[in-house]
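Novice: dropping a prediction and its sequence here:
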Amino acid sequence: MTIALSGEDVARRIGEHLPDAVTEFSETAVFIKVEDVLDIARFLKETPRLEFDYLNSITAVDYTEHFEVVYHLTSITNNHSIVLKTRCYDRENPRVPSVVSLWQGADFQEREVYDLMGIAFDGHPNLKRILLWEGFAGHPLRKDYGSGV
Amino acid sequence: MFKTEPIMINFGPQHPSTHGVFRMRITFDGERILDLEPVFGYLHRGIEKLGESKTYTQIIPYTDRLDYLASMTNNHAYVLAVEKLAEIEVPERAEYLRVIMAELMRIASHLMTVGFMLNEMGAFFTPLLYMWREREKILDLFEMVCGQRLTYNYMRIGGLSQDIPEEFMPALERFIEEMPGFIDEYDQLLAENEILLARTKGVGILPPEQAINCSVSGPVLRASGVQWDLRRADPYSIYDRFDFEIPTCQNGDVYDRYRMRILEMRQSVRIVKQAMDQLPLGEVRTKVSATLRPPKGEVYGHIEGPKGELGFYLVSDGSPNPYRFHIRAPAIINLTMFRDVCVGRLLADAIIILGSIDICMGEVDR
Amino acid sequence: MEIVQRPYNSRELDAVEGAAIEALRNASQEPYPDPIDWLEEDIERSVLVSSIDLVIDWGRRFSVWPVNCGLACCAFEMIGLATSRFDISRFGMELFRASPRQADLMLVAGTLTWKMAPALKRVYDQMPEPKWVVAMGSCAISGGPFRDSYSVVNGVNLILPVDVYIPGCPPRPEALMHGLIMLHQKISKGTFSKKR
């Protein structure tokens, strides 16, 4: 059974490595600051007994006042999982560091988040639209997109 | 004296070998691939945005149309995620029937994968027609149950839409009895075939560390030697009650990915036999309101589909429509390693490698 | 993940493609009229031409070659029709051509999105006359369950003239066969001696 690590546990361990990175935690997820995403991700991947080597999914949610980027990570060696979240308060030009250098599986998923939500990932080698065409106006999954649906 | 330059060929969206509307821009030096750029989005229908304006039950037909070769599995993954979010109990009979449907669907999907992979290798239609014969039998079983051949919409939140008719069990028994014989027939025709061995052994090798790093899942991951199957690692539904093996292969080339699918079909037949023997009587559906309002919160429910880990991420704000509906599609994520595995090989190898990854454009583009 | 020196600029090609898509989208707001005048026609033709008509239309009717245009789920019912259980080969149609230059029927099976529309129009333009289009499935007829989406073409008849519509989601292979027989009836009404 994959054990879902509790937010509190993981927040404490991250706090020992990099204090002030964690903004809050809930029962299932840990919230960290946008600037520290790459450092925390590297810490989670390389520390023994954490070893999150498998990235299940990256996605983003639009909560009108802010965006939330959600990372689901799993460790195949230790069979546990965790949810990592970060909040981005800039609506005009949201930017989040890219984790492609750690998990190559993030490549297409980050491009999809950029395409449909408009969040740019710093450090991504090929950030351009993937599902919609160049010249499409807007980012459809935002809550304030067009009239349409 | 002579100067050669690399050329770019567009392997367009309309092409018989690309499993749907998939496009590649390939840079060649002669016939050797220097670089490959996959381009997709030609079937992007905006299902995630449409989901935000429909109720939880109305989304089930949309999930059918994601991976249209394995619709039962998509339904299963979605209703499991919603039941986890809203904490709904499912009757035992419904759980067993869901497992039977999901495993039959896995057999049908793997038959198609192997058939089309051989189609692309040049065995133009013969293996595909043999495997289609079995697939038609499975589609007849599904039609008996829910009336549809391709997009079933059979599972509901809290169970199934209706119970199985009387003629289903005898037909299923007959099918399960004959199926191992057919799998042996295909294996005999194909496994020692010289052309298949020459074209697939050593082609498209994916080392296990790269597979894990690229978030690959499903038979492609297990063919590289990583023993990770969600039915064993994180059991959902009632898979912990069945006795089955998780096969793995050593090399991670195209031959191993073909082999994986044959081995998995055998294990699926085993699971269906056990589920048929243990099937209890009872209801098949817990009463759930048509406009279900799950409590506020979020859930990530994932299952082992025939193509890999299919996950649904749902965020609920207490209203009848989901606030965010995200689909973790295995096909698009398995494509991450496609470029790295193809560089340096010939064009014909690239087509076979694409067939062995097994993509379905409805899922890649959503 | 180094990028090899490519002989093309990927962003430029994407921009050109995007401009073509937007141009087609803006130009395709009205559907093409359906070519149904053959239903009421009563053409007087000379005896000599009508015998030639009969033979040529008979030949055309029983050797219609479709072009491979399966976009989404309906494609698998189309392939089902081509397999031995439902057998399209008895009509002479089992040869799905890869190249549009050798085909006379375009079976649009599946959802058409605006990104794919210029490519589809290009395949249609490459087919030689006489040619027919069959819209299979509710997505090709009107956008289907995805009609409200931001990227779906609400019906293939916005960009191509359609001869036969086959409803269903997906239509059974028998329904597709019925639609193709209706197309044969249209072809048998004579296309040789008059301009299409």
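Specialist: Alright, I've got the coordinates. Every value quoted in this text rests on a predicted model; they were computed, and no experiment measured them.

Novice: in the stretch 151-300 of chain B, which spans are helices?
Specialist: B:168-190, B:194-200, B:208-213, B:219-223, B:230-233, B:254-278 (DSSP state H, counting those that start in this stretch).

Novice: give me the helices and strands touching the last one, please.
Specialist: Contact here means 3 or more CB pairs under 8 Å, 6 or more residues apart in numbering or on different chains; DSSP states H and E; on that basis helix B:254-278 packs against helix B:92-121, helix B:168-190, helix B:194-200, helix B:219-223, helix B:347-357. Every C-beta, even on glycine, is put in place using the N, C-alpha and C of the backbone.

Novice: ok, the second one next?
Specialist: In terms of contacts (3+ CB pairs under 8 Å, 6+ apart), helix B:194-200 is packed against helix B:92-121, helix B:254-278, helix B:347-357.

Novice: reformat these as TSV; add mean neighbour count and mean pLDDT.
Specialist: Below are the helices and strands packed on helix B:194-200 laid out as TSV (neighbours: other CB atoms under 10 Å in any protein chain shown; pLDDT from 0 to 100):
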stretch	mean neighbour count	mean pLDDT
helix B:92-121	23	92
helix B:254-278	20	92
helix B:347-357	22	90
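
Novice: switch those over to JSON lines; also include distance to B:Thr291.
Specialist: JSON lines is the format used below for the helices and strands packed on helix B:194-200 (distance: least, CB to CB, whole Å):
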{"stretch": "helix B:92-121", "distance to B:Thr291": "21"}
{"stretch": "helix B:254-278", "distance to B:Thr291": "32"}
{"stretch": "helix B:347-357", "distance to B:Thr291": "40"}
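
Novice: which one of those lies nearest to C:Ala140?
Specialist: helix B:92-121 (22.5 Å; CB to CB).

Novice: circling back: B:Leu346: which of the helices of the stretch 151-300 of chain B is closest?
Specialist: helix B:194-200 (10.5 Å).

Novice: buried stuff in the closest one?
Specialist: Across helix B:194-200, burial judged by 16 or more other CB atoms under 10 Å in any protein chain shown covers B:196, B:199-200.

Novice: what does that helix contact?
Specialist: B:118, B:121-123, B:190, B:253-255, B:258, B:348-349, B:352, B:356 (CB atoms under 8 Å, 6 or more residues apart in numbering or on different chains).

Novice: before we move on, what about stretch B:220-236?
Specialist: Contacts of stretch B:220-236 (CB under 8 Å, 6+ apart): A:1-2, A:76, A:79, B:80, B:206-208, B:211-212, B:216-217, B:239, B:244, B:246-253, B:256-257, B:259-260, B:301-304, B:308-309, B:334, B:356-358.

Novice: only C-alpha atoms, please: export it in PDB.
Specialist: Output of stretch B:220-236 as PDB, limited to C-alpha atoms (Å, rounded to 0.1, in the frame of the first residue of the first chain):
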ATOM      1  CA  VAL B 220       6.600   0.200 -20.900                       C
ATOM      2  CA  LEU B 221       8.000   0.700 -17.400                       C
ATOM      3  CA  ARG B 222       7.700  -3.000 -16.500                       C
ATOM      4  CA  ALA B 223       9.400  -4.000 -19.800                       C
ATOM      5  CA  SER B 224      12.500  -2.100 -18.600                       C
ATOM      6  CA  GLY B 225      12.700  -4.100 -15.500                       C
ATOM      7  CA  VAL B 226      11.000  -1.900 -12.900                       C
ATOM      8  CA  GLN B 227       8.500  -3.900 -10.900                       C
ATOM      9  CA  TRP B 228       5.800  -1.200 -10.300                       C
ATOM     10  CA  ASP B 229       2.200  -2.000 -10.900                       C
ATOM     11  CA  LEU B 230      -0.500   0.000  -9.000                       C
ATOM     12  CA  ARG B 231      -2.600  -3.100  -8.600                       C
ATOM     13  CA  ARG B 232       0.100  -4.500  -6.300                       C
ATOM     14  CA  ALA B 233       1.800  -1.400  -5.000                       C
ATOM     15  CA  ASP B 234      -1.300   0.700  -4.200                       C
ATOM     16  CA  PRO B 235      -4.200  -1.700  -4.500                       C
ATOM     17  CA  TYR B 236      -7.500  -0.100  -5.400                       C
END
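
Novice: for residue 68, grab the count of nearby residues.
Specialist: Unless you meant another one, I'm taking chain A. 17 (other CB atoms under 10 Å in any protein chain shown).

Novice: actually, chain C is the one I wanted.
Specialist: Neighbour number of C:Asn68 under other CB under 10 Å is 21.

Novice: check it and give its pLDDT.
Specialist: We have a pLDDT of 76 for C:Asn68.

Novice: for C:Glu17, see how far away it is.
Specialist: The gap separating C:Asn68 from C:Glu17 is 21 Å, by CB to CB, to the nearest Å.
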